[in-house]
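Quick one: sequence plus predicted model below, questions after.
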Amino acid sequence: MIKSKYVVLLIAILAIFININLRMYGDEYNKPKNVVANDVIDYYAYLPAAFIYGDMTLNFKETDPDFFSDKIWGFKQENEKYVLKYTMGLSLMYLPFFLLSHCYAMVSEYPTDGYSFPYEGGLIFASLFYFILGLVFLRLFLKKYFSDNVIAAVLLVISLATNMTHYLVYEPAMSHSFMFFLMCLFIYLTDKWHNNNKIGTAIFIGITMGLISLIRPTNIIIGLLFLLWNVNSFSAIKEKTRLFIKNYKSLIIIVFFTFLIWIPQFLYWHSVTGHFLYYSYNNEGFFFLKPKILHVLLGFRKGWLIYTPVMFFALLGILTVYKTHNRWFFGILTFVVLNIYIISSWWFIRTPCLYRIICCYGFTFIGIYKMDC
């Protein structure tokens, strides 16, 4: 079987090739495909607001409502300031690519409005970059414990048999590829810290956990994986407690850097709402007493396992972990179960488009160059 390092290279080439053919050449009307759309409108708005228009209240959009109607959302408060619904984690991930795009726009003929072709191209390549980097860190972690053939298969399945295909091609600026990278990095760093207990590793764990939670606050539960790593018995709990006491400085550093990543968000909320903590989802919330677990897993309209059936094997793999690497079992199981419960309790679960997913998979495997789902 092909070596895992070549799988990463192959996926990188394939992903770039697909995006060039599907996006850079535009659609049948020769217009660029829209990248800043749907939830990305709020994810991304922090950057043009801060670096181009210099107005975090978003009132600048009223100067040209036709242009900004599908580019800047937010909702207006009683103080006449707009506030964005989503936290700024993705904007921090976009930032290096946004700055490069802005520099290119300034020396080219493209508008420096934050929404022209260079900026959307930057978001596309940001998604590809973080996804490939996620594969790299996943491979680095797995190669310590599994054969290269197993690793190669895992990387191929994740890249070609999950909804990641869709989010790399049709909605590249959504959170999925960015979160994939951060989760892989977090697992890699967690395992590394438990082997070396170094302060430097703890710093990166804190930064990573800060970004994970700043993109999607409920994902702060990834911290449970760190707490339960290598815990497989009551004696292991005692041993883990002693490890934490001995390395208490690392725990303080992790909490500190997680908090540090959130400081820009606290300052933003305070500047537009007057409060350092602010719930920007309004009436949207969780129904923890009425989770739709079966609906999420197996429902025809929203079922994760219906639309990504390969994940059946991933769930079965948790049982295999119990037999082969049981020191990870309770941490993984706790995170997976709790995450499914939280997702199932959210007031609205987005309906997947079966036609779009089938089209994306078909494109990946048979190499159709033009397709508009």
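Yes, it's here.

OK, contacts around the residue nearest to residue 256 when sequence neighbours are not counted?
In space, and not counting its chain neighbours, residue 256 is closest to residue 206: 6.4 Å by Cβ to Cβ, 6 or more residues apart in numbering. C-beta coordinates here come from the backbone N, C-alpha and C atoms, glycine included. Contact partners of residue 206, counting by Cβ atoms under 8 Å, 6 or more residues apart in numbering, are 253, 254, 255, 256, 257, 258, 260, 261.

Can you say which helix or strand has the residue nearest the centre of the chain in it?
Nearest residue to the geometric centre of the chain (Cα atoms, centre = their mean): residue 179, 2.1 Å. Using DSSP states H and E, residue 179 sits within helix 176-196.

Using CSV, list the CA coordinates for that helix.
C-alpha atoms of helix 176-196 as CSV (Å, rounded to 0.1, in the frame of the first residue of the first chain):
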residue,chain,number,x,y,z
HIS,A,176,-14.7,22.0,9.7
SER,A,177,-11.2,21.9,8.2
PHE,A,178,-10.0,24.4,10.7
MET,A,179,-11.4,22.4,13.6
PHE,A,180,-10.1,19.2,12.2
PHE,A,181,-6.6,20.7,12.3
LEU,A,182,-6.9,22.0,15.9
MET,A,183,-8.4,18.7,17.1
CYS,A,184,-5.5,16.7,15.5
LEU,A,185,-3.0,19.1,17.0
PHE,A,186,-4.6,18.9,20.4
ILE,A,187,-4.4,15.1,20.4
TYR,A,188,-0.8,15.2,19.3
LEU,A,189,0.1,17.7,21.9
THR,A,190,-1.8,15.9,24.7
ASP,A,191,0.1,12.7,24.0
LYS,A,192,3.3,14.6,23.8
TRP,A,193,2.8,16.3,27.1
HIS,A,194,2.0,13.0,28.8
ASN,A,195,5.4,11.8,27.6
ASN,A,196,7.6,14.8,28.4
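
Give me the distance between the residue nearest to residue 256 and residue 175.
Distance, residue 206 to residue 175, by Cβ to Cβ, to the nearest Å: 20 Å.

And residue 286, its phi and psi?
Main-chain torsions, residue 286, degrees, to the nearest 10: phi -110, psi 150.

Can you name the residues that contact the nearest residue to it once chain neighbours are set aside?
Distances taken as Cβ to Cβ, 6+ apart put residue 345 closest to residue 286, at 4.4 Å, once the chain neighbours are dropped. The contact partners of residue 345, by Cβ under 8 Å, 6+ apart, come to 286, 287, 288, 290, 291, 292.

ok, now which ones touch the fourth one?
What it means is residue 290. Residue 290 neighbours (Cβ under 8 Å, 6+ apart): residue 345.

what do you get for the second one?
Applying Cβ under 8 Å, 6+ apart, one finds that residue 287 lies in contact with 345, 347.
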